[in-house]
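> Have a look at this prediction, sequence included:
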Amino acid sequence: MRAVAQRVKEASVRVDGREIARIGPGLLVYLGVGAKDTDDDLVYLAEKIAHLRVFADERGAMNRSVIEALGAALVVSQFTLYGDARRGRRPSFVEAMEPARAEAMYLAFAARLEALGVPTARGEFRAMMDVISVNDGPVTILFDSHKVF
């Protein structure tokens with residue numbers, strides 16, 4: 001499972017011109033589910049992201065998690081995180097999980113964040129979305145549950 005987490009001042013998602021999700025300060029999380037991912041991967045990644053210390057403490061140091069900062073998360077499905085563009089000009093997505101299983105993992109990941117105490121909004125799985133964000137910092141962290149990077 002792969003994710004890109006961005007610290008944001010605000011973020012929202014629109015589908016067909018209609019806003020379907022919005023958060024204030026928190027994390028915008030793009031989530032990709034790989035063909036070999038299991039529940040262990042989503043638990044690991046949700047824990048890492050929920051407790052990631054990228055929010056400022058009273059001294060301005062990045063010492064607080066999204067939970068401690070009373071922030072929220074907006075989780076957006078992003079199968080293209082498994083795009084392999086090493087050959088040719090068109091990325092291959094063979095390492096991404098098939099959609100029906102990936103949607104279940106995506107929803108379970110968002111539910112796990114919520115259970116950990118992170119108010120969580122979601123994009124719409126398999127929809128063309130407009131994702132709008134105001135990055136804070138910017139702070140952007142990459143994750144891979146198989147620790148490829």
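Yep, that arrived.
> Go ahead and confirm Asn63 touches Ala56.
Yes: counting by C-beta atoms under 8 Å, Ala56 is a contact partner of Asn63 at 7.5 Å. Just so you know, the C-beta spots here come from the backbone N, C-alpha and C atoms, and that holds for glycine as well.
> Contact partners for the most centrally placed residue in the chain?
Centroid-nearest residue in the chain: Val29, 2.1 Å away (criterion: C-alpha atoms, centre = their mean). Neighbouring residues of Val29 by C-beta atoms under 8 Å, 6 or more residues apart in numbering: Ala3, Val4, Ala5, Gln6, Ile49, Ala73, Leu74, Val75, Val76, Leu113.
> mind checking which helix or strand the fifth one is in?
Looking back up the chat, that one is Ile49. Using DSSP states H and E, the element containing Ile49 is helix 39-50.
> Could you do the first one as well?
Counting by DSSP H and E, the element that carries Ala3 is strand 2-15.
> Scan the chain for its longest helix.
The residue-count maximum for a helix in the chain (DSSP state H) belongs to helix 99-115.
> Could you check the angle that one makes with helix 39-50?
In terms of direction (axes from the mean of the first three to the mean of the last three C-alpha atoms, to 10 degrees), helix 99-115 departs from helix 39-50 by 40 degrees.
> what's helix 99-115 in contact with?
1, 29, 31, 33, 37, 39, 42-43, 45-46, 49-50, 73, 75, 77, 79, 96-97, 120, 122, 125-126.
> Work out the gap between that helix and the centre of the chain.
11 Å (C-alpha atoms, centre = their mean, to the nearest Å).
> what does the average pLDDT come to for the next helix or strand after it?
Sequence order places strand 120-122 as the next helix or strand after helix 99-115, per DSSP H and E. The average pLDDT for strand 120-122 rounds to 98.
> Quick check: neighbours of strand 120-122 in the sheet, parallel or antiparallel?
Strand 120-122 has the following strand partners under DSSP bridges: strand 72-77 (parallel).
> Tyr30 - nearest residue in space that isn't next to it in sequence?
Closest residue to Tyr30 apart from its sequence neighbours, by C-beta to C-beta, 6 or more residues apart in numbering: Gln78 at 3.9 Å.
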